[in-house]
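Undergrad: From the sequence below, what's the structure:
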Amino acid sequence: MTVLVITGTGTEVGKTVVTAAVAATAAAAGRSVAVLKAAQTGVAPGEPGDAEEVARLASPVTTAEVARYPDPLAPATAARRAGLAPVRPIDVADAAEKLAAAHDLVLVEGAGGLLVRFDAAGGTLADVAGLLGAPVLIVAPAGLGTLNATELTARELRSRGPAPLGVVIGSWPKRPDLAARCNLTDLPDVTGAPLLGALPAGAATRTPAAFRSAAPGWLAADLGGRWDAEGFRRGEGG
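TA: Numbers count the residues shown, from 1 in each chain. Have a look, this model is predicted:
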C-alpha cells in the first residue's frame with residue numbers, strides 16, 4: 001500500500017488524529033511517510049491546519065496541502081465565498097502521486113465526509129480514491145448514530161469500486177455506554193469491513209513522544225499495529 005485515503009463519516013470524528021496514528025505507526029516501522037490534506041478549510045493563512053497537527057504528533061512526516069480556504073465550510077462553498085479556485089480531484093491525485101514517488105506511504109486526508117464537494121462539478125474524495133486506485137479507511141464515531149452514516153459511506157465506496165479497507169473508531173470513550181459497546185460488533189457487520197482500531201478519547205492531548213509510542217497499540221495489523229479487535233470486543237473496549 002503506497003497511498004491510503006482517509007475519510008470520516010462527517011466532521012469532528014477524529015480523522016486527523018487517526019491519520020496521525022497511522023503515520024506514527026508507519027514511521028516507527030521505518031517507512032517514510034507523507035501526509036496530504038486535500039482541502040483545508042476554516043484556517044487563515046499562516047495558521048496551523050490538520051497537516052501540521054499530524055506532523056506535531058507523528059513527526060517525522062512530510063506534510064502538504066492542495067488548497068486552503070478561510071471559512072469553515074465545505075471546500076466548494078469555501079472556495080466560492082473566498083473568490084479562490086476550487087480544488088479538483090485530479091489536483092489532489094496528482095499531488096499524491098508526486099509524494100508517492102519519494103515516500104513509502106502517502107496518507108490523503110479528506111475534509112469532512114466522503115461526498116463533501118470540492119468543486120462546482122461535484123468532485124469528492126471518493127473521486128480522488130478512484131483516480132489513485134487507492135484503498136479508503138473510514139473513521140467513525142463510537143456511539144449512537146454511527147451505524148447509519150458508516151454503512152452509507154461503505155456502500156458508496158463499494159458502488160464505485162473496491163470495498164473500504166476498514167473502519168477505525170476515532171475516539172473511544174473512557175466509559176463506553178451500551179451503544180458504543182454494541183457498535184464494536186455492529187460496525188463491521190453493517191459495513192462488511194473489518195474494525196481496524198480504536199483511538200482513546202483525548203489521544204491528541206498526549207505529548208508527541210507518548211502519542212508515537214502508543215499509536216501502534218491503537219491500530220490493527222493491517223495498518224501496521226498490534227491492536228486486536230476480538231480482544232477489544234471481549235473486554236468491551238475497557
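Undergrad: What average pLDDT does the strand ranked longest in the chain get?
TA: Longest strand of the chain, by residue count under DSSP state E: strand 105-113. Mean pLDDT, computed over strand 105-113, is 96.
Undergrad: what residues does the helix or strand that comes right after it touch?
TA: Toward the C-terminus, strand 105-113 is succeeded by helix 125-132 as the next helix or strand (DSSP states H and E). The contact list for helix 125-132, computed with Cβ atoms under 8 Å, 6 or more residues apart in numbering, reads 3, 5, 7, 38, 89-90, 92-93, 96-97, 108, 110-111, 114-116, 118, 134-136, 156-157, 160-161. For glycine as for every other residue, the C-beta is placed from the backbone atoms N, C-alpha and C.
Undergrad: what about 7 Å?
TA: Residues outside helix 125-132 that contact it (Cβ atoms under 7 Å, 6 or more residues apart in numbering): 3, 5, 7, 38, 89-90, 92-93, 96, 108, 110, 114-115, 136, 156-157, 160-161.
Undergrad: quick one, it and strand 105-113 angle?
TA: 150 degrees (axes from the mean of the first three to the mean of the last three Cα atoms, to 10 degrees).
Undergrad: Return the list of helices and strands in contact with whichever helix or strand comes after helix 125-132.
TA: Where DSSP H and E defines the elements, the next helix or strand beyond helix 125-132 is strand 136-140. With contacts taken as 3 or more Cβ pairs under 7 Å, 6 or more residues apart in numbering; DSSP states H and E, strand 136-140 sits against strand 3-8, helix 146-160, strand 166-172.
Undergrad: Report the angle between the first one and strand 166-172.
TA: With the same axes, to 10 degrees as the criterion, the two stretches strand 3-8 and strand 166-172 enclose an angle of 50 degrees.
Undergrad: list the helices and strands strand 3-8 packs on?
TA: Using 3+ Cβ pairs under 7 Å, 6+ apart, strand 3-8 is in contact with helix 15-28, strand 105-113, helix 125-132, strand 136-140.
Undergrad: before we move on, back to that, the longest strand of the chain: partners in the sheet, and parallel or antiparallel?
TA: strand 3-8 (parallel), strand 33-37 (parallel) (DSSP bridges).
Undergrad: Ok, which of those comes nearest residue 143?
TA: With Cβ to Cβ as the criterion, residue 143 lies closest to strand 3-8 of the strands paired with strand 105-113, at 14.8 Å.
Undergrad: Name the residues that touch that closest one?
TA: By Cβ under 7 Å, 6+ apart, strand 3-8 touches 15, 18-19, 96, 100, 105-110, 112-114, 125, 128-129, 132, 134-139, 153.
Undergrad: run the last query once more with 8 Å
TA: 14-15, 18-19, 22, 96-97, 100, 105-110, 112-114, 125, 128-129, 132, 134-140, 153, 165, 170.
Undergrad: Just the buried ones from those, in PyMOL syntax?
TA: Per 16 or more other Cβ atoms under 10 Å, the buried members of those correspond to this PyMOL selection:
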select buried, resi 14+15+18+19+22+96+100+105+106+107+108+109+110+112+113+114+125+128+129+132+134+135+136+137+138+139+140+153+165+170
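Undergrad: Any idea what residue 105 is bridged to?
TA: Residue 105 has these beta-bridge partners by DSSP bridges: residue 33.
Undergrad: separation between it and residue 94?
TA: In this view, residue 105 and residue 94 are 18 Å apart by Cβ to Cβ, to the nearest Å.
Undergrad: Residue 140 now?
TA: Using Cβ to Cβ, we find residue 140 at a distance of 29 Å from residue 94.
Undergrad: What is the neighbour count of residue 205?
TA: Residue 205 is flanked by 9 other residues according to other Cβ atoms under 10 Å.
Undergrad: again with the one 4 residues further on
TA: Neighbouring residues of residue 209 were enumerated by other Cβ under 10 Å; the total is 9.
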